[in-house]
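[1] Prediction below, plus the sequence it came from.
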Amino acid sequence: MLGISIFVADRSLEDNVRYMEEMKAAGCTEIFTSLHMPEDDIGQLKEKLLEIANAARRLGMDLMADISGKALEKFSFPFLLEAGVTGLRMDFGFSAVEIAAYSHKMKIALNASTLTPEFLAALQEHHICLDNIEAWHNYYPRPETGLDKEAFIAKNRWLQAEGITTMAFIPGDGLKRKPLFQSLPTLEKHRNQSSFLAYLELEKDCAVDKIFVGDLTLSEGSQVQFQQYEEGIISLRVIQELPYALWDKVHLNRLDAARDVVRSETARTDQERFVMTRSIAPMHTYKRPRGTVTVDNYLYGRYEHELQITLRDLPAHEAVNVIGHVIEEDLPLLDYVRQGGRRFSFTAAT
């Protein structure tokens, strides 16, 4: 499940709503916002929150607000309910009794990193509604302070074993948040990785149920990747070096997945898409480092038109034309594309 972060003081309402609409199309279902921000005029902050909540309701997106005990006194719980806030992330300033009581009224997210078996037992003693409880990790603005992957996974597995939904943040590759502009990931290793790659790692390997973009926006290229992934397709950003009739086609890695290359199952037989000559002449027969996109020329006989992506460095071959390269940032995605039966596509890098 993909979510986004909306910080009402950092961008205009129009920009925030436009981004919400774009991300809804990319499969986003939930929004995180913070009510910790210093604000001279609490009335102005309430007005901004109402506008975002109204937009979220119109788009069918849940709205989770990060709040402290002191901030809740200013906003009041009835106001938040009426505004359309669907959940609260309660980090500090709340007792086990208060959290348990609120859990019977709406979704409550607790700090995943600091939640202990002892505090969970105290919550259960006060009859917490576990169906409404989630465990959310923080994002870490300062470099070198993000979490370690192994300890993170261990904590998530314990939480899931207790029946609690887990959540973490990935960096955005669009607008960064002030004052450091150094990304807002949960895991330190993700700080300078692509947003989509970080998402796949959390989803596949880290016992994370919900994933939110921490930064202000995603780039257009990343939005395309998430939109494609909603349809079960991994989109690879490529530098296209030669025209190719099937650049915009969705491909399928053969079920009998090869060791050295990803092989498009249909490229050799998709005759209706060919706008090139039937016979492909040898050209650009260069060395093929990992991530090279190739098409076999007529010297390979019946393999002519075969599309491949190299999974390891391979030498030049007179029968193999190099037509492009997966950008360096997306090379780790090949570890997911290499699975037999995986659908993939190409997007021109900008």
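    Looks like it arrived, so ask away.

[2] which residues of the stretch 101-250 of the chain fall in strands?
    Along the stretch 101-250 of the chain, counting by DSSP state E, counting those that start in this stretch, strands occupy 107-111, 133-136, 165-170, 210-213, 233-240.

[3] With the stretch 251-350 of the chain instead?
    Going by DSSP E, counting those that start in this stretch, the stretch 251-350 of the chain shows strands at 251-252, 261-263, 292-296, 307-310, 320-326, 343-348.

[4] hang on, the earlier thing: the strands of the stretch 101-250 of the chain: which one's closest to residue 326?
    Within those, the stretch nearest residue 326 is strand 233-240; the backing value is 5.1 Å (CB to CB). For every residue, glycine as well, the C-beta is placed using N, CA and C.

[5] Identify the bridge partners of the nearest residue to residue 320 once chain neighbours are set aside.
    Residue nearest to residue 320 in three dimensions, not counting chain neighbours: residue 294, with 4.9 Å by CB to CB, 6 or more residues apart in numbering. Residue 294 has these beta-bridge partners by DSSP bridges: residue 308, residue 322.

[6] what's residue 294 in contact with, if anything?
    288, 307, 308, 309, 310, 320, 321, 322, 323 (CB atoms under 8 Å, 6 or more residues apart in numbering).

[7] go with 10 Å
    Going by CB atoms under 10 Å, 6 or more residues apart in numbering, residue 294 touches 261, 284-286, 288, 306-310, 314, 317, 319-324.

[8] Show me how to select, in PyMOL, the buried members of those residues.
    This is the PyMOL syntax for the buried subset of the contacts of residue 294, where burial follows 16 or more other CB atoms under 10 Å:
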select buried, resi 261+285+288+306+307+308+309+310+314+317+319+320+321+322+323+324
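
[9] What pLDDT does the model give the residue nearest to residue 227 when sequence neighbours are not counted?
    Closest residue in space to residue 227, ignoring its immediate chain neighbours: residue 26 at 4.7 Å, by CB to CB, 6+ apart. With respect to pLDDT, residue 26 scores 88.

[10] What about residue 26, how many residues nearby?
    18 (other CB atoms under 10 Å).

[11] who's in contact with it?
    2, 4, 218, 222, 223, 224, 225, 226, 227, 228, 229, 230.

[12] Quickly note the distance from it to residue 122.
    39 Å (CB to CB, to the nearest Å).

[13] Residue 186 too?
    25 Å.

[14] which of these two has more neighbours?
    Set residue 186 next to residue 122 and count neighbours by other CB under 10 Å: residue 186 wins out with 28 against 16.

[15] For the nearest residue to that one once chain neighbours are set aside, report the pLDDT, please.
    Take residue 186 and drop its neighbours on the chain: the residue closest to it by CB to CB, 6+ apart is residue 168, 4.1 Å away. On pLDDT, residue 168 comes in at 98.

[16] Low-confidence stretches in the protein?
    Applying pLDDT under 70 to the chain picks out residues 37-40, 271-277.

[17] go with 90
    For the chain, the stretches flagged by pLDDT under 90 are 1, 8-9, 25-27, 35-45, 68-75, 91-93, 243-246, 266-279, 350.

[18] what's the longest helix in it?
    Counting residues, the longest helix in the chain under DSSP state H turns out to be helix 42-59.

[19] after that helix, next one along is what?
    Counting by DSSP states H and E, the next helix or strand C-terminal to helix 42-59 is strand 62-67.

[20] and that following strand, which strands flank it?
    For strand 62-67, the paired strands and their directions (DSSP bridges) are strand 28-34 (parallel), strand 87-90 (parallel).

[21] Tabulate these (CSV), appending mean neighbour count and distance to residue 158.
    Compiled in CSV, the strands paired with strand 62-67 are given as follows (neighbours: other CB atoms under 10 Å; distance: least, CB to CB, whole Å):
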stretch, mean neighbour count, distance to residue 158
strand 28-34, 21, 23
strand 87-90, 22, 19
